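Undergrad: got a structure for you, letters missing:
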């Protein structure tokens, strides 16, 4: 199960890329957020962290039940993203 922690949507759809077109997995309908400062990034990461699932195990009271993944694209002012 894959959820976008920065949106209210449900499970995201995952697709493997065809061989020869590039590595990795495509995540459909993933949200995108523009930021202008380090504080904006911290705010988004904090919001996502608050929605992560955790539970207790014998070894750890707050064991993670999810992983937080994000992608960061940097764009220079006045230039169009590729």
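TA: Sure thing, it's come through. Model, not experiment: these values are computed from the prediction.
Undergrad: distance of the residue most central in space within the chain relative to residue 4?
TA: For the chain, residue 70 is the residue whose C-alpha lies nearest the centre (CA atoms, centre = their mean; 3.7 Å). Residue 70 sits 11 Å away from residue 4, going by CB to CB, to the nearest Å. The C-beta positions use only the backbone N, C-alpha and C, and glycine is treated the same way.
Undergrad: mind listing what the residue nearest to the centre of the chain touches?
TA: When contacts are counted by CB atoms under 8 Å, 6 or more residues apart in numbering, residue 70 touches 45, 48.
Undergrad: report the secondary structure state of the residue of the chain most remote from its centre.
TA: Going by CA atoms, centre = their mean, the residue of the chain most distant from its centre is residue 58, 28.4 Å out. Assigned with DSSP: H, G, I helix; E, B strand; the rest coil, residue 58 falls in the coil class.
Undergrad: just name the shakiest helix or strand of the chain by mean pLDDT.
TA: Sorting the helices and strands of the chain by mean pLDDT, DSSP states H and E puts strand 63-64 at the bottom, at a mean of 63.
Undergrad: which residues are in contact with stretch 14-31?
TA: 2, 4, 6-7, 9, 12-13.
Undergrad: can you pull the buried residues of it?
TA: residue 30 (16 or more other CB atoms under 10 Å).
Undergrad: next one: stretch 30-37
TA: In stretch 30-37, counting by 16+ other CB under 10 Å, buried: residue 30.
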